[in-house]
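S.K.: How does the following fold in three dimensions:
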Amino acid sequence: MNGAFYVGAVGLESQQQALDTIANNIANLNTPTFKRSDVRFTEIMASRLEDAVTVDVRQRAVPAGVIADSEFMLLEQGDLRRTGRALDIAVNGPGFIELLGPGGQTYLWRGGTLKVTEEGLLAASNNMPLRAMINIPENITDLNIDSSGLVRAITADDKREVELGQINLVKLTDSEGIERLDGSLYLASPDVRIRDAAPGEDGVGLIEQGAIEGSNVKLTEEMVQLTLVQRSFAANAQVVQAADQLMGIANGLRR
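M.R.: Here you go, the predicted model:
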């Protein structure tokens, strides 16, 4: 069969994956803390399979082309949107907040809206408590989280500010070894090293109270990429169409 069919088909499949990725980015334009994804392409070089007797390039050539090698997230900082709510926090920097899952597994979180669980623990809106296990008294009148992650509260009894705990951040040594989960959660692969640090140290960033990080998707950039991918998709479709026409001509010559 004509190798152009394979080249065009591989190109179509790769560009389709790129289109799906861009569509997902655009769909999450307004999703808090969402990190856009991109597709890495790899060129397939034509090669020959040789044996000790003879080499027939026309029969043994492996079609060349471009294939979607992998999809990866770009962990760039999103814009911080001020809400003024005490239970909204964001990470201004590359760090993550650790959450404790139901089975004891550690999940990574870029911030959002906090809540107090029935057990009195400070947790994300999905009821996963912060790994710092900060207990919030019932009679507080004000909650303050400074940029260093120190949590303080004013109680209704004595009107004094008391320290409740410390929110630390973690930083990944490999930004590609992270998996995005539902609910704005992330999971680091076992082979990725995680460094624990207080906010403001080791380049992990700071914690911003009263703010939520927006998506790092830029609509103009996505639309430009969408146009380029659509043209590449159309070009690969034309390769398949041209190969089909040539095969039709060749079959007609045999009659």
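S.K.: ok, residue 87 - how many residues close by?
M.R.: Residue 87 has 16 neighbours, counted by other C-beta atoms under 10 Å. Just so you know, the C-beta spots here come from the backbone N, C-alpha and C atoms, and that holds for glycine as well.
S.K.: need the contact list for it.
M.R.: Contact analysis of residue 87 by C-beta atoms under 8 Å, 6 or more residues apart in numbering lists 113-115, 143.
S.K.: Give me the buried subset of the residues you listed.
M.R.: 114, 143 (16 or more other C-beta atoms under 10 Å).
S.K.: Including pLDDT and secondary structure, could the contacts of residue 87 go into JSON lines?
M.R.: Output for the contacts of residue 87, formatted as JSON lines (pLDDT from 0 to 100; DSSP: H, G, I helix; E, B strand; the rest coil):
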{"residue": "113", "pLDDT": "95", "secondary structure": "strand"}
{"residue": "114", "pLDDT": "95", "secondary structure": "strand"}
{"residue": "115", "pLDDT": "94", "secondary structure": "strand"}
{"residue": "143", "pLDDT": "92", "secondary structure": "strand"}
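S.K.: From the contact counts, what lies against the top helix by length along the chain?
M.R.: Longest helix in the chain, counting residues (DSSP state H): helix 219-254. If contacts are counted by 3 or more C-beta pairs under 8 Å, 6 or more residues apart in numbering; DSSP states H and E, helix 219-254 sits against helix 3-27.
S.K.: buried stuff in the helix it packs on?
M.R.: For helix 3-27, using 16+ other C-beta under 10 Å, the buried residues are 4, 6-12, 14-15, 17-19, 21-22, 25.
S.K.: From the contacts of residue 87, pick the one nearest residue 231.
M.R.: For the contacts of residue 87, the closest approach to residue 231 (C-beta to C-beta) belongs to residue 113, at 41.2 Å.
S.K.: Distance-wise, check the closest residue to the closest one other than its chain neighbours relative to residue 153.
M.R.: Using C-beta to C-beta, 6 or more residues apart in numbering and skipping residues adjacent in sequence, the residue nearest residue 113 is residue 125, 4.8 Å away. Distance of residue 125 to residue 153, given as C-beta to C-beta, to the nearest Å: 19 Å.
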